[in-house]
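Student: Next come a sequence and a model predicted from it.
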Amino acid sequence: MGLGISNWRLARAVSTLGQLGVVSGTAIDLILIRRLQAGDPGGHMRRALAAFPVPRVADRLLARYFIEGGKSPRQPFATKPMVGETHGQPLAELLGAANFVEVHLAKEGHGGMVGINYLHKIQTPTLPSLLGAMLAGCDVVLMGAGIPVEIPTCLDRLSRGEKVAFDLHVTGATQAHIQSLDPAELLPEISFPLPRPRFLPIISSATLATMLLKKSKGRIDGFVVEEPSAGGHNAPPRGPLKLSPAGEPVYGPRDAVDTAALRALGLPFWLAGSYGSPERVAQACAAGAAGIQSGTLFAFCDESGLRDDLKRSTIREAVHGTPHVFRDPLASPTGFPFQVLSMPGTLSEPAIYADRCRQCDLGYLREAYERPDGTLGWRCPAEDPQSYVKKGGKIEDTLGRKCLCNGLMANIGLGQLRDGKEEPPLVTCGEDLSGIAAVLPPGRSSYSAAEVIGYLLSESGVPLPAGRGGVSADPHPA
């Protein structure tokens with residue numbers, strides 16, 4: 001639930017009810033500065049920045065981006081540098097502060113556990129982002145969309161304030177390209193050590209779990225195992241890619257999760273992908289899982305960051321219609337299958353997709369490639385096709401690609417304005433939306449995170465903390 005859907009409010013509501021609330025760390029630097037330019041309703045960003053342990057960084061960000069009362073609705077958002085091979089000091093500080101802000105707000109006023117979720121595919125912001133989350137006392141780091149063998153060691157070294165580095169994945173590389181960070185150089189005011197978060201890779205198979213345990217030099221604390229029906233990015237099918245008559249990737253027996261092999265590893269694991277019901281929670285626990293990861297039900301609850309109009313239309317369709325989720329093999333610039341909810345007015349409509357001017361101005365999903373002179377270039381198959389080809393890309397790789405960065409920002413009401421029009425949204429969720437009708441209270445058109453948790457645990461015998469959870473527990477309501 002990246003790019004602000006699983007925001008601090010939602011994570012906090014879940015955490016206060018005794019579960020692991022998780023904030024999304026994807027593009028959180030961009031989200032922070034756009035919230036500030038929107039006037040910071042409720043003052044939450046400014047309150048969290050006031051708690052950041054390096055005041056000079058917070059002061060600089062406020063002076064640069066905060067607009068009292070918010071920018072004009074007709075004014076585009078100010079830009080920021082795109083993340084690349086190296087970070088300038090201002091961008092690294094922004095990344096650290098933004099991750100601190102989201103985790104700090106999610107942990108505010110309670111003692112529950114809070115995690116943060118990153119995409120391994122987006123490597124370049126990782127190190128300053130981890131440092132910022134750890135400064136806020138993040139309890140758990142989760143990471144998917146790749147094989148994050150280097151992250152456990154990074155967490156170990158960052159907790160001690162030591163310089164940390166890993167190899168950046170570069171297409172066509174003939175030499176190593178290193179991402180590095182010296183915490184003492186970036187933020188010399190910080191005192192170490194910091195608490196080391198637990199690390200839970202997000203994987204699709206027991207085979208990958210075994211490989212991570214063998215290759216990782218630091219500690220892995222468990223696994224989240226996502227099946228193909230989970231929302232967002234999915235792992236591609238094992239073996240040659242085959243498409244159904246509808247054009248979706250076909251998964252087979254080789255893609256089934258081997259829970260017996262996971263149990264044999266001796267670490268806790270959580271199952272994800274259509275586990276959003278009391279019956280599926282019980283099945284997961286019976287298979288040896290410590291629990292489940294649920295995203296879709298929470299994406300449309302009151303506390304999530306999704307735009308209210310998108311929530312309302314999806315809830316209506318889930319209760320009274322037949323919502324359609326398409327596992328698009330082409331939409332994501334990453335090449336991973338991506339679940340897209342068909343919805344009027346979004347990039348899921350061919351006419352809206354065709355009308356959008358293709359340009360890459362956020363760059364989180366760009367691919368690094370090595371030029372003939374050994375320097376790095378950056379390209380995205382969702383950008384203008386001719387620009388992509390000029391950078392050495394193949395024209396066929398641009399077919400059907402959608403700008404997830406801008407589309408997902410539009411999902412949370414922070415889309416960029418172009419020629420007076422906001423970027424169209426692109427909604428993702430798991431393929432099973434049946435739980436929405438089950439959790440929605442009679443006569444209501446919306447539901448809370450607390451009601452989701454109560455529904456999921458209704459057959460588990462686990463009591464919810466009395467008088468806690470939901471927006472009412474926020475000591476600083478918007």
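Tutor: Cool, got the structure.
Student: for this structure, what's the longest helix?
Tutor: Looking across the chain with DSSP state H, the single longest helix is helix 89-107.
Student: Buried residues in that one, which are they?
Tutor: Across helix 89-107, burial judged by 16 or more other C-beta atoms under 10 Å covers 91-107. Just so you know, the C-beta spots here come from the backbone N, C-alpha and C atoms, and that holds for glycine as well.
Student: mean confidence for stretch 252-269?
Tutor: What stretch 252-269 shows for mean pLDDT is 94.
Student: Alpha carbons only: can I get that stretch in CSV?
Tutor: Taking C-alpha atoms only, stretch 252-269 is exported to CSV below (Å, rounded to 0.1, in the frame of the first residue of the first chain):
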residue,chain,number,x,y,z
GLY,A,252,0.7,-22.7,-11.5
PRO,A,253,1.6,-25.3,-8.9
ARG,A,254,5.2,-24.1,-8.9
ASP,A,255,4.0,-20.8,-7.5
ALA,A,256,2.2,-22.3,-4.5
VAL,A,257,3.6,-21.4,-1.1
ASP,A,258,5.3,-24.4,0.6
THR,A,259,4.3,-23.7,4.2
ALA,A,260,6.0,-26.9,5.4
ALA,A,261,9.3,-25.7,4.0
LEU,A,262,8.8,-22.3,5.7
ARG,A,263,8.0,-24.0,9.0
ALA,A,264,11.3,-26.0,8.7
LEU,A,265,13.3,-22.7,8.6
GLY,A,266,12.4,-22.1,12.2
LEU,A,267,11.5,-18.4,11.8
PRO,A,268,8.0,-16.8,12.1
PHE,A,269,6.2,-16.0,8.8
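Student: Contacts made by that stretch with the rest, please.
Tutor: Here stretch 252-269 makes contact (C-beta atoms under 8 Å, 6 or more residues apart in numbering) with 204-207, 209-210, 213, 220-225, 227-228, 235, 237-239, 271, 287-290.
Student: For ChimeraX, what selects the buried ones among those?
Tutor: To isolate the buried ones among these in ChimeraX, judged by 16+ other C-beta under 10 Å, type:
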select :204,205,206,209,220,222,223,224,225,227,228,235,237,271,289
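Student: In strands, which of the contacts of stretch 252-269 appear?
Tutor: Using DSSP state E, the subset of the contacts of stretch 252-269 located in strands is 223-225, 271.
Student: May I see these organised as a markdown table, with distance to residue 145 added?
Tutor: What follows is the ones in strands among the contacts of stretch 252-269, written out as a markdown table (distance: C-beta to C-beta, whole Å):
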| residue | distance to residue 145 |
| --- | --- |
| 223 | 14 |
| 224 | 12 |
| 225 | 14 |
| 271 | 18 |
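Student: List just the nearest of those residues to residue 34.
Tutor: Of all those, residue 34 sits closest to residue 224, with 28.5 Å by C-beta to C-beta.
Student: Bridged to the closest one, which residues?
Tutor: Under DSSP bridges, the beta-bridge partners of residue 224 are residue 202, residue 270.
Student: pretty sure it is touching residue 200, no?
Tutor: Yes. Using C-beta atoms under 8 Å, residue 224 makes contact with residue 200 at a distance of 5.4 Å.
Student: Overlap of the contact sets of those two?
Tutor: Residues touching both residue 224 and residue 200 by C-beta under 8 Å, 6+ apart: 142, 270.
Student: which one among the ones in strands among the contacts of stretch 252-269 gets closest to residue 190?
Tutor: residue 224 (29.5 Å).
Student: tell me which element residue 143 falls in.
Tutor: Element membership for residue 143, per DSSP states H and E: strand 140-144.
Student: Run through who's touching whatever helix or strand comes next after that strand.
Tutor: Following strand 140-144 in sequence order, the next helix or strand is helix 151-159 (DSSP H and E). Residues outside helix 151-159 that contact it (C-beta under 8 Å, 6+ apart) are 120, 126-127, 130-131, 134, 141, 143, 163-164, 166, 181, 183, 192-197, 199, 201, 216-220.
Student: Now do the same contact list for residue 410.
Tutor: By C-beta under 8 Å, 6+ apart, the contact set of residue 410 is 422-426.
Student: Check residue 426 too.
Tutor: Applying C-beta under 8 Å, 6+ apart, the residues near residue 426 are 331, 340, 346-348, 402, 404, 407-408, 410-411.
Student: Now, those residues that are in strands?
Tutor: residue 340.
Student: Reformat the contacts of residue 426 as JSON lines; add distance to residue 43 and pLDDT.
Tutor: What follows is those, written out as JSON lines (distance: C-beta to C-beta, whole Å; pLDDT from 0 to 100):
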{"residue": "331", "distance to residue 43": "37", "pLDDT": "94"}
{"residue": "340", "distance to residue 43": "35", "pLDDT": "94"}
{"residue": "346", "distance to residue 43": "31", "pLDDT": "95"}
{"residue": "347", "distance to residue 43": "33", "pLDDT": "94"}
{"residue": "348", "distance to residue 43": "35", "pLDDT": "94"}
{"residue": "402", "distance to residue 43": "35", "pLDDT": "96"}
{"residue": "404", "distance to residue 43": "30", "pLDDT": "94"}
{"residue": "407", "distance to residue 43": "29", "pLDDT": "95"}
{"residue": "408", "distance to residue 43": "25", "pLDDT": "95"}
{"residue": "410", "distance to residue 43": "24", "pLDDT": "96"}
{"residue": "411", "distance to residue 43": "24", "pLDDT": "96"}
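Student: Thanks a lot, see you next time.
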